[in-house]
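J.: Would you be able to build a 3D model of this:
(one chain, ligands or ions: 2)
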Amino acid sequence: MPLAAEPDDAHEEGEDQQLLLTAKGGPALEGLVVGSYCHDVLIRGGRIVGETLGGAAAFVSNVLDAASPREEEQGEAPFVVVSKVGRDFAYASAPAPARRPPLLCASPTTSFHAQFSDAAASAHAPDRELRRVRACDPIYPADLPDRRFAYGLAVGVAGEVLPETLERMIRLCHAVLVDAQALIRAFDGDGAVGHVALEDTPYARLLPRVAFLKASSEEAPYVGVETARRQCCVIVTDGRDGCRLYWDGGEARVAPFPAVQVDPTGAGDSFLAGFAAGLLWGLSATDAALLGNFFGAAAVSQVGVPTFHPKMLQAVKEILEEKIAKRSSPCINGTTFTFDRSSVHDELHAALQEAARLMPEQQQADPTNGNGGDICSV
Ligand SMILES: Nc1ncnc2c1ncn2[C@@H]1O[C@H](COP(=O)(O)OP(=O)(O)O)[C@@H](O)[C@H]1O
Ligand SMILES: O=P([O-])([O-])O[C@@H]1[C@@H](O)[C@H](O)[C@@H](O)[C@H](O)[C@@H]1O
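T.: Ligands and ions are numbered 1, 2, ... in the order given. Predicted coordinates for the structure are as follows:
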């Protein structure tokens, strides 16, 4: 399948194509993350049980910082975040916003109330009802930096990524990954989050120029997987059951990792960033989804934006370095993505499962990591 961006989108004629996605060892692959940080208020039984930094940009930055391939001396992972908050933003000094500060607006910070029900025992029942109680300004095309990026992640939570902003991302980035929640959320008079059919939105015409579209199983019916998979690769995440990928001509199920869920917030965001990191490491889409599942499971194990144990991250890095070294050819060569499960898929899953064991250990060892309350144990 060709890369989603049209040839003249990411690269003007005659321009040096330095930003092509390449296998490890190529130029630094700079990313563009677009979506706003927000305030999350977690409510159970009518009682506030947590107040945390939220917004897909926060969860995504956290995972990209943890899992993107880079040389030791490179320091921070190379990506830019374009996000908007108000003067009331309460988490400016939290790691993700401190590293990549948001644009400040006169309007208040986007804020969500997430209502958790005790009845959400089934794996497929929606485990929370979301209400947007405040909305910051949208992100306009002019808010994006005026330069090219290897990849882009459109990760709005409250309708802040406008269609024209997504279109500009597509022009600036060689490959764009989109979270469906940025495109299909609708809010009633009370702020309750509902969904509209993607085909009825102005985003629909951009789909053939998007590389990957991620949707939760709740969102998938609004995306129209059978239509969308003919235009881009669609990934449907399914909570503790892992995920499925659908592309034109194939599909794959990717197994999950075990997790003790204490807060489901940010699982989808962390999945998408883990998946993107997997692609950057040179994995096929189906193999990269293992890294998505890994970080999705890690996200639900903690309340709010998770802290990863350095030992766990070191183990993941070593696994990727070893498994990828065994591959005969890179999966991302600048013009095509590979979708199929590779010969190292099962080994990669088994090795990551070992690394995942370091996650619960961390919770016991580090009670100061913000795990204040058990929001939604299963
Ligand atoms: N309880 C869980 N146990 C293990 N992995 C999980 C769990 N919940 C989510 N995940 C991982 O996170 C991914 C995204 O979760 P999901 O709930 O589908 O997304 P969203 O947060 O968008 O609703 C899943 O595909 C899975 O890999
Ligand atoms: O849980 P998830 O679907 O990955 O993503 C979440 C959004 O749906 C929610 O609107 C936001 O308030 C959370 O902070 C988080 O970004």
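
J.: interface residues of the stretch 201-350 of the chain facing ligand 2?
T.: By C-beta under 6 Å from any ligand atom, the residues of the stretch 201-350 of the chain that approach ligand 2 are 265, 266, 267, 268, 269. (Glycine included, C-beta is placed from N, CA and C.)

J.: Go again with 5 Å.
T.: By C-beta under 5 Å from any ligand atom, the residues of the stretch 201-350 of the chain that approach ligand 2 are 265, 266, 268, 269.

J.: And for the strand or helix carrying residue 43, what's in contact with it?
T.: Under the criterion DSSP states H and E, the helix or strand holding residue 43 is strand 38-44. For strand 38-44, the external contacting residues (C-beta atoms under 8 Å, 6 or more residues apart in numbering) are 48-55, 58, 85, 89-91, 109-116, 118, 133-134, 136, 157-158, 263, 265, 303-304, 373, 375-376.

J.: Any of the residues of the stretch 201-350 of the chain next to ligand 2 buried? List them.
T.: Restricting these to buried positions leaves 265, 266, 268, 269, with burial counted as 16 or more other C-beta atoms under 10 Å.

J.: Would you enumerate the residues in contact with the residue of the chain found nearest ligand 2?
T.: Among the residues of the chain, residue 54 lies nearest to ligand 2; the distance is 2.5 Å by C-beta to the nearest ligand atom. Taking C-beta under 8 Å, 6+ apart, we find residue 54 in contact with 37, 38, 39, 40, 112, 157, 265, 266, 304, 305.

J.: Okay, and the residue nearest to residue 272 when sequence neighbours are not counted sits in which element?
T.: Nearest-residue entry for residue 272: residue 214, 5.0 Å, with adjacent residues in sequence omitted and distances by C-beta to C-beta, 6 or more residues apart in numbering. Secondary structure assignment for residue 214, by DSSP H and E: strand 212-216.

J.: and what of residue 48?
T.: Element membership of residue 48 [criterion: DSSP H and E] is strand 47-54.

J.: ok, back up a step: counting neighbours, which of the contacts of residue 54 end up buried?
T.: Burial of those was assessed by neighbour count (16+ other C-beta under 10 Å); the buried members are 37, 38, 39, 40, 112, 157, 265, 266, 304, 305.

J.: quick one: buried residues of stretch 229-237?
T.: Residues 229, 231, 232, 233, 234, 235, 236, 237 are the ones in stretch 229-237 that count as buried (16+ other C-beta under 10 Å).

J.: Point out where this structure drops to low pLDDT.
T.: Within the chain, the set of residues satisfying pLDDT under 70 comprises 1-28, 72-73, 118-126, 325-336, 360-378.

J.: Now the residue nearest the centre of it. Its backbone dihedrals?
T.: The structure's the chain has its C-alpha centroid closest to residue 272; by C-alpha atoms, centre = their mean the separation is 2.9 Å. The phi and psi torsions at residue 272 (degrees, to the nearest 10) take the values phi -60, psi -40.

J.: and it, how far is that from residue 292?
T.: If you measure residue 272 against residue 292 using C-beta to C-beta, to the nearest Å, the figure is 7 Å.

J.: returning to that earlier point: list just the nearest of the buried residues of stretch 229-237 to residue 176.
T.: For the buried residues of stretch 229-237, the closest approach to residue 176 (C-beta to C-beta) belongs to residue 232, at 9.2 Å.
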